[in-house]
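Engineer: Have a look at this fold, sequence not included:
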């Protein structure tokens, strides 16, 4: 999505192929995914969703066509593939370091593995997330890796410190920044605020679980997402009732 946005004034045609129904569906949800999709559709980007690449055809090492599972064939001069990532933990196989079923290294709130004085931080770590009731998670974003590195270093120096950071990441579409804070997995309801149906889009989405806010995403809605992150970090619950209210006082952290 970032690449498609960047290429709008640089390519004659742009096509996005996605395996889910909406972009960002697994991270931001269908509703927000639909908004981002509309933003790019309005700029002429074409989408083939619920689909996947089956074959790449080329001549003399140059891509010419992309064949999709649906049978559609896309003419292409350039193909950019987002293949995801996998933990580079093979060298730990057969050691005493505990890993989960996906081969991420399991650590505690001090970033220490099951082996004393052995620490792990960053994309490879499966760690207890404070704002998710210490659920073990893996978050591949530099903001969290940076926070974990600091906590690991402090504990290596015997300065006992727990990881309490709130996940915070962002993306840019059409020169507009989308910011996300919290951990929205398992949300059951989404509260939308702002204008998200017209060209000058500005919105805030609050993810609700068990009648409280667990995450927020905003487009051109600064500094609200940062305020939500501060509130989550303080340990004070944002209730569903507060989230539905137009009174901004619930964003204040004391």
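Structural biologist: Done, it's in. These numbers were taken from a predicted model, which means no experiment stands behind them.
Engineer: Grab the nearest non-local neighbour of residue 29.
Structural biologist: residue 190 (6.1 Å; C-beta to C-beta, 6 or more residues apart in numbering). All C-beta atoms are positioned from the backbone trio N, CA, C, and that covers glycine.
Engineer: Give me the three-state assignment for that neighbour.
Structural biologist: With DSSP: H, G, I helix; E, B strand; the rest coil as the basis, residue 190 sits in strand.
Engineer: State the number of residues packed around it.
Structural biologist: 17 (other C-beta atoms under 10 Å).
Engineer: Which residues does it form beta bridges with?
Structural biologist: When assigned by DSSP bridges, residue 190 has beta-bridge partners residue 207.
Engineer: Relative to residue 33, how far out is it?
Structural biologist: 11 Å (C-beta to C-beta, to the nearest Å).
Engineer: residue contacts, the residue nearest to residue 29?
Structural biologist: 29, 31, 32, 205, 206, 207, 208 (C-beta atoms under 8 Å, 6 or more residues apart in numbering).
Engineer: What of residue 124?
Structural biologist: Counting by C-beta under 8 Å, 6+ apart, residue 124 has contacts 87, 88, 89, 104, 105.
Engineer: Backbone torsions only: list them for it.
Structural biologist: The phi and psi values for residue 124, taken as degrees, to the nearest 10, are phi -80, psi -10.
Engineer: on that earlier part again, restricted to buried residues, select the contacts of residue 124 in PyMOL.
Structural biologist: To isolate in PyMOL the members of the contacts of residue 124 that are buried, counting by 16 or more other C-beta atoms under 10 Å, one can use:
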select buried, resi 87+89+104+105
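Engineer: Just the ones of the contacts of residue 124 in strands?
Structural biologist: Among these, the residues falling in strands (DSSP state E) are residue 105.
Engineer: and the contacts of residue 124 as a markdown table, adding distance to residue 63?
Structural biologist: As requested, those are arranged in a markdown table below (distance: C-beta to C-beta, whole Å):
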| residue | distance to residue 63 |
| --- | --- |
| 87 | 30 |
| 88 | 28 |
| 89 | 33 |
| 104 | 34 |
| 105 | 37 |
